[in-house]
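*Asks:* Quick one, structure for this:
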Amino acid sequence: MQRFRIAFGLLTFAGLLLIQNLFSQDFKKFSGIPGAYINEITSLMKPNISPADEALLQEFITIWRIDSLFTAEEQLQVVRISELLLAKKAKSNPHFSNYLQCLVYFKRKSQTAENFHQWIAGVTNIADNRKIALSTLNNLFSFTIQFIDSSVLYKSTTVTWKSSNNQYKITTDSVFAVIIGKTNLTCNTHFDSINIFETQGIYYPIESRWRGMNGMVTWERAGFSKDSVFAKLSEYSVDMKRSEYKADHVTFINKNYFTKPLEGHLMDKVQHNKTPADADYPKFYSYQKDFSIKNLYKDINYEGGLSMQGAKLVGTGTADEPATVYIFRKDTLVIKAFSDYFAFKANRVSSSMTSIVIR
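*Replies:* Numbers count the residues shown, from 1 in each chain. A predicted model of the protein is given here:
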């Protein structure tokens, strides 16, 4: 009897699995008819559905059937994308659940009809491209959810890039892109954050790349006021999978040392600093390599290149053309110091490798 019970139990369990598999297989092809879509997507999502996905599905059904927020044309497009997702072997979770979440957000969070239509067109083109992996499409869904919800452009376990402007325009002329007007960009990590103020640009979510225009970077985390030391950006690019970037053709203003702006390139990186004096970023490097500054300090002149590395003004040179510090006593040159690196702080000059000539 005991063996019979065990055998019966195993047969029952196997039967349930078979029924569930057959049930799922029955709905691996959509009919293409909008009127049948709710029953079909429900059948696809229902097996082993989580409470969160159940709530999402019910919200979507309400939007589709009761609130009628999708036009007839939009319904056809929604069904078409579902067919393409199944052709890529998409699963109920995470692929279809993320897709439905995008649709719910577009209809519930006051997004423009034009942005929705552009999004639908872009997703259709990507889903219909056999060369583009399902994971890429799912990443686009994840981006859409986090961007509509909280203006996050990119998020991973280590880095998050966010825009302060929730107004945008989607374009799909050649590639899927999001155009954002005047905004502040913030990059956060577990350690700290960096900002690009008053910028604008285009974000390419498939590549996780931002192409920016204009903007300002300050040295506030290095202890300087935003109005005294800052850099103005022109065109620049950021790989948002990283917490750092470089920018060429930057205009640098340091009112503490220079009366005129300097031209050069910028590097910025998220880095934890115990104090502002410990800051090594942002870093600005001047294109000009032949500065001549008299009385940088009392009785000290300087010749060479210049950079601003966090809290430090740095004199730079090369092995062939080292930077030079001239030290005077009563208007008489007494020491010439040569190095490829001089750090200038409030009351001292320092260098790790220096050649000295005593006059």
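
*Asks:* What is the burial count for Lys283?
*Replies:* 19 (other CB atoms under 10 Å). Yep, even glycine has a C-beta here, placed from its N, CA and C like the rest.

*Asks:* Am I right that it is in contact with Leu266?
*Replies:* Yes - if you go by CB atoms under 8 Å, Lys283 and Leu266 touch, sitting 6.9 Å apart.

*Asks:* Which helix or strand lies directly C-terminal to the lowest-mean-pLDDT helix or strand in the chain?
*Replies:* Every helix and strand of the chain was ranked by mean pLDDT, DSSP states H and E. The lowest is helix 2-25, at a mean of 41. Remark: after helix 2-25, the chain's next helix or strand is helix 34-45, criterion DSSP states H and E.

*Asks:* Against which helices or strands is that following helix packed?
*Replies:* Applying 3 or more CB pairs under 8 Å, 6 or more residues apart in numbering; DSSP states H and E, we find helix 34-45 packed against helix 51-61, helix 72-87.

*Asks:* Of those, which is nearest Ser156?
*Replies:* Nearest to Ser156 among these is helix 51-61 (21.6 Å), distances taken as CB to CB.

*Asks:* got a list of contacts for stretch 315-334?
*Replies:* Residues outside stretch 315-334 that contact it (CB atoms under 8 Å, 6 or more residues apart in numbering): 285, 289, 299-307, 335-344, 349, 355, 358-359.

*Asks:* what's around the closest residue to Lys29 other than its chain neighbours, how many residues?
*Replies:* Take Lys29 and drop its neighbours on the chain: the residue closest to it by CB to CB, 6 or more residues apart in numbering is Leu86, 6.8 Å away. With neighbours defined by other CB under 10 Å, the count for Leu86 comes to 17.

*Asks:* and if you look at the one 4 residues further on?
*Replies:* Residues lying near Ala90 (other CB under 10 Å) number 21.

*Asks:* Please shift the residue numbers so they start at 245 in all later answers.
*Replies:* All set: I'll call the first residue 245, so the last point we hit is now Ala334.

*Asks:* quick one: it and Leu378 touch, right?
*Replies:* Yes - with contact defined as CB under 8 Å, Ala334 reaches Leu378; the gap is 6.0 Å.

*Asks:* contacting residues around Lys533?
*Replies:* Contacts of Lys533 (CB under 8 Å, 6+ apart): Gly548, Gly549, Thr560, Gly561, Glu565.

*Asks:* mind redoing it with 6 Å?
*Replies:* Contacts for Lys533 were tallied using CB atoms under 6 Å, 6 or more residues apart in numbering; they are Gly549.

*Asks:* Sticking with it, tell me its helix or strand.
*Replies:* Going by DSSP H and E, Lys533 is not in any helix or strand.

*Asks:* Report the backbone C-alpha coordinates of stretch 546-558 in PDB.
*Replies:* Taking Å, rounded to 0.1, in the frame of the first residue of the first chain, the C-alpha atoms of stretch 546-558 are listed here in PDB:
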ATOM      1  CA  TYR A 546      58.000  79.200 -12.200                       C
ATOM      2  CA  GLU A 547      58.300  78.000 -15.800                       C
ATOM      3  CA  GLY A 548      56.600  75.000 -17.300                       C
ATOM      4  CA  GLY A 549      53.200  73.400 -17.800                       C
ATOM      5  CA  LEU A 550      50.300  73.600 -15.400                       C
ATOM      6  CA  SER A 551      47.500  71.300 -14.200                       C
ATOM      7  CA  MET A 552      45.000  71.400 -11.400                       C
ATOM      8  CA  GLN A 553      44.800  68.000  -9.700                       C
ATOM      9  CA  GLY A 554      42.100  68.100  -7.100                       C
ATOM     10  CA  ALA A 555      43.300  70.300  -4.300                       C
ATOM     11  CA  LYS A 556      46.800  70.800  -5.800                       C
ATOM     12  CA  LEU A 557      48.000  73.200  -8.400                       C
ATOM     13  CA  VAL A 558      50.700  71.200 -10.200                       C
END
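
*Asks:* how about it: buried residues?
*Replies:* Residues of stretch 546-558 classed as buried: 546-558 (neighbour count, 16 or more other CB atoms under 10 Å).

*Asks:* Which strand or helix spans Phe391?
*Replies:* Assigned by DSSP H and E, Phe391 falls in helix 378-394.

*Asks:* what's in contact with the next helix or strand after that helix?
*Replies:* With elements assigned by DSSP H and E, the helix or strand that comes after helix 378-394 is strand 396-399. Contacts with strand 396-399, where a contact means CB under 6 Å, 6+ apart, come from Gln390, Trp405, Lys406, Ser407, Tyr447, Ser452, Met484.

*Asks:* Mind checking which of those residues land in helices?
*Replies:* Gln390 (DSSP state H).

*Asks:* now the contacts of strand 396-399 as JSON lines including distance to Asn383, neighbour count and pLDDT?
*Replies:* Output for the contacts of strand 396-399, formatted as JSON lines (distance: CB to CB, whole Å; neighbours: other CB atoms under 10 Å; pLDDT from 0 to 100):
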{"residue": "Gln390", "distance to Asn383": "11", "neighbour count": "17", "pLDDT": "98"}
{"residue": "Trp405", "distance to Asn383": "14", "neighbour count": "24", "pLDDT": "98"}
{"residue": "Lys406", "distance to Asn383": "17", "neighbour count": "19", "pLDDT": "98"}
{"residue": "Ser407", "distance to Asn383": "18", "neighbour count": "24", "pLDDT": "98"}
{"residue": "Tyr447", "distance to Asn383": "13", "neighbour count": "25", "pLDDT": "98"}
{"residue": "Ser452", "distance to Asn383": "8", "neighbour count": "18", "pLDDT": "98"}
{"residue": "Met484", "distance to Asn383": "12", "neighbour count": "22", "pLDDT": "98"}
